[in-house]
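Peer 1: Fold the stuff below for me.
(chains A and B)
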2 protein chains.
Amino acid sequence: MRDAVIGVDLGGTKIYTALALPAGELLAEVVAPTGADGGLEQVLAKIVATVRDVTSQAGPDLTVRALGIGAPGPLDAETGLVYFAPNLGWHNVPLKDLLQKALGLPVGVDNDANLAALGEQVFGAGRGVRSMVYITVSTGVGGGLILDGRIYHGAGGGAGEIGHTTIDPGGPVCGCGNRGCLEVLASGTAMARRAREIIAAGGGLNMLGATGGLPGKVTAKTVADAAAAGDPEALAILAEAGRALGIGVANVINLLNPELVVLGGGAMKAGPPLWQAMEEEVRRRALQASLARARLVPAQLGSRAGVLGAVALAARALDNGTLL
Amino acid sequence: MRDAVIGVDLGGTKIYTALALPAGELLAEVVAPTGADGGLEQVLAKIVATVRDVTSQAGPDLTVRALGIGAPGPLDAETGLVYFAPNLGWHNVPLKDLLQKALGLPVGVDNDANLAALGEQVFGAGRGVRSMVYITVSTGVGGGLILDGRIYHGAGGGAGEIGHTTIDPGGPVCGCGNRGCLEVLASGTAMARRAREIIAAGGGLNMLGATGGLPGKVTAKTVADAAAAGDPEALAILAEAGRALGIGVANVINLLNPELVVLGGGAMKAGPPLWQAMEEEVRRRALQASLARARLVPAQLGSRAGVLGAVALAARALDNGTLL
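Peer 2: Numbers count the residues shown, from 1 in each chain, chains lettered A, B, ... in the order given. Coordinates of the predicted model:
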């Protein structure tokens, strides 16, 4: 018999569940709709169904020993209590206890961004690194911190919110209520908003053309594609977002002196124009000694980062009975 | 026989050495000039002399068991190698090995700001707290991080440099070369510079009068005193510095979700006008859930924070033979 573990990346719209060997080899994967509208009971039933689904695909020589799950919101990783998950409508849900009871397995719970960071550290861009900042740039800007080899959670499970650090004190208002957050300046949403602003002012014809003349259809990908084709307005949007990212990255380098900053998320796919502007700004603003120690690298695991982090969490439980 | 420990706060101009009980009670203290101009050998001899001085004041029932020392620069706390200490002219000095040889005692070394943070956590404002950000606002703005109960050093011993996080991307040039660092906006030096700018523009008569008409003599204390007497220009300088501090503090609250932010250093003595502006800005910019967990409090140990942190480091070595 060989040991196997389950990783679950629980999101507001879908549940991504995998069966894996503790070393990270994925044996079976399934993605199912979360069905958050049906309430807590239904979401739990869906999770259990996906677990049974991937488990049934395991060979007879495998024994599932533990499950790790990432939830979208701040939580207490020790007790597995999810304080708040707006996309699920959850307040104070004892996810660990509920799943342990439902599945008869030891369950480890952490925040989704933290587990994506752990996934990259254990199986991706951060292998062998002890102190790492993970930043994901997509609809929003999120992050996770691995400090001295461990996920750093903070006092209320809320650490890592680099997306809500202030980059430009007088900048645009962010969804969180603050002005000039990294998220409101550099997320994919922000890139698309900037493009629509340019279009509203009579410019952005290349980007507008790419959407058939419908400004509402402009996305970060529209901007990235136009930039790749050399459109100067799109390039300027990426440079602006890259500079904001660079300020945020320089700040975490100066504050945390990490070995590695891993950048992932769909909007980072905009590529060199974004990346170069970011790196220039980091070089301008980071302290020499800390900059010399810090590598900036792209994430390696893509959309599997979270589920692989959940696998890593469960695998750690096998090594270390105290974790779960 | 009772155990005692030695704490040393090594600065560019003076050495502050104390004999203490492991629980933090100071039994003897001495302050001596560092004599950095005389080179490494002379500084080491001075440290040894201050240690002998305080030790000679110990009663016959005390045995000195360990020494902790804070050095002014980034270092490797495990090996005790000081990478760089500009105020001492040091590059790659194996301080721990040199002192262990000279004194025949186990020696623990850490950065001065980290030990001030540890001092506050063990004996001051942070007692019982596991995750704490310590910020000192004086000539510069420095900091130390206690995360999950331990000093967080970062990859090159450079963590905690909140003074060099960017607050205003287009702000004044900082000594580090970056623009708009917290240090260049909110340090005591920055407050004095703002006052001199106002005087140069024909204003600041109250502050100027307090120095006998010599703008070069305006310090942060001049500003604080004028503000305490109700001078609107001085109050505006403190409000501006307080807002910059508030942005920096909100950023660490959002990124690190600490239980406590401890603010010390001479410039914080400017009091309510500085403190209130800071708190208002923090409330404006920090995420609700993280703000709810974070208390902002003044440091309690004043100029003894560093030496008491060194005592705490040495005392920890008694509990835990592996530390030194």
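Peer 1: make it CA atoms for all contacts and neighbour counts henceforth
Peer 2: Will do.
Peer 1: Which parts of the stretch 151-300 of chain A are strands?
Peer 2: A:260-264, A:295-298 (DSSP state E, counting those that start in this stretch).
Peer 1: what's the first one packed up against?
Peer 2: Okay, so that is strand A:260-264. Under the contact definition 3 or more CA pairs under 8 Å, 6 or more residues apart in numbering or on different chains; DSSP states H and E, strand A:260-264 sits against strand A:132-137, strand A:295-298.
Peer 1: Name the residues of the stretch 51-200 of chain A found near chain B, please.
Peer 2: A:131, A:147-148, A:152-162, A:164-169, A:176-179 (CA under 8 Å from any CA of the partner chain).
Peer 1: Quick check: phi and psi at the closest residue to residue A:314 other than its chain neighbours.
Peer 2: In this structure, residue A:314 finds its nearest non-sequential neighbour in residue A:68, 4.6 Å apart by CA to CA, 6 or more residues apart in numbering or on different chains. Backbone torsions of residue A:68, given as degrees, to the nearest 10, read phi -120, psi 140.
Peer 1: just to revisit the earlier point, can you say which of the strands of the stretch 151-300 of chain A is nearest to residue B:136?
Peer 2: strand A:260-264 (26.8 Å; CA to CA).
Peer 1: sorry, back to before: narrow the residues of the stretch 51-200 of chain A next to chain B to those that are buried.
Peer 2: Among those, those classed as buried by 16 or more other CA atoms under 10 Å in any protein chain shown are A:131, A:147-148, A:152-162, A:164-169, A:178-179.
Peer 1: Do a quick rundown of the helices in chain A.
Peer 2: Under the criterion DSSP state H, helices of chain A are mapped to A:40-56, A:95-103, A:112-123, A:182-186, A:188-200, A:205-210, A:220-228, A:232-256, A:272-285, A:288-293, A:305-319.
Peer 1: any idea how far the closest residue in space to residue A:64 that isn't next to it in sequence lies from residue A:106?
Peer 2: Spatial nearest neighbour of residue A:64, excluding adjacent residues (CA to CA, 6+ apart): residue A:4 at 4.6 Å. For residue A:4, the distance to residue A:106 (CA to CA, to the nearest Å) stands at 13 Å.
Peer 1: cool, residue A:298 as well?
Peer 2: 33 Å.
Peer 1: before we move on, what about residue A:86?
Peer 2: 26 Å.
Peer 1: Stretch A:109-120: which residues count as buried?
Peer 2: So stretch A:109-120, judged by 16+ other CA under 10 Å, has buried residues A:109-120.
Peer 1: swap in stretch A:224-241?
Peer 2: Of the residues in stretch A:224-241, those buried (16+ other CA under 10 Å) are A:224-228, A:231, A:233-241.
Peer 1: Out of those residues, which is nearest to chain B?
Peer 2: Closest approach between the buried residues of stretch A:224-241 and chain B, by CA to the nearest CA: residue A:240, at 12.5 Å.
Peer 1: residue contacts, residue A:128?
Peer 2: For residue A:128, the contacting residues are A:121-122, by CA atoms under 8 Å, 6 or more residues apart in numbering or on different chains.
Peer 1: And the pLDDT for the most centrally placed residue in chain A?
Peer 2: The centre of chain A sits closest to residue A:113, judged by CA atoms, centre = their mean, with a distance of 4.2 Å. On pLDDT, residue A:113 comes in at 96.
Peer 1: where in chain A is pLDDT low?
Peer 2: Along chain A, segments meeting pLDDT under 70 span A:320-324.
Peer 1: one step back: of the helices and strands packed on strand A:260-264, flag the one that's most buried.
Peer 2: Comparing these by mean neighbour count (mean count of other CA atoms under 10 Å in any protein chain shown), strand A:132-137 ranks first with a mean of 27.
Peer 1: Could you list every helix and strand in contact with that one?
Peer 2: Packed next to strand A:132-137, using 3+ CA pairs under 8 Å, 6+ apart, are helix A:112-123, strand A:141-147, strand A:260-264.
Peer 1: Done for today, thanks.
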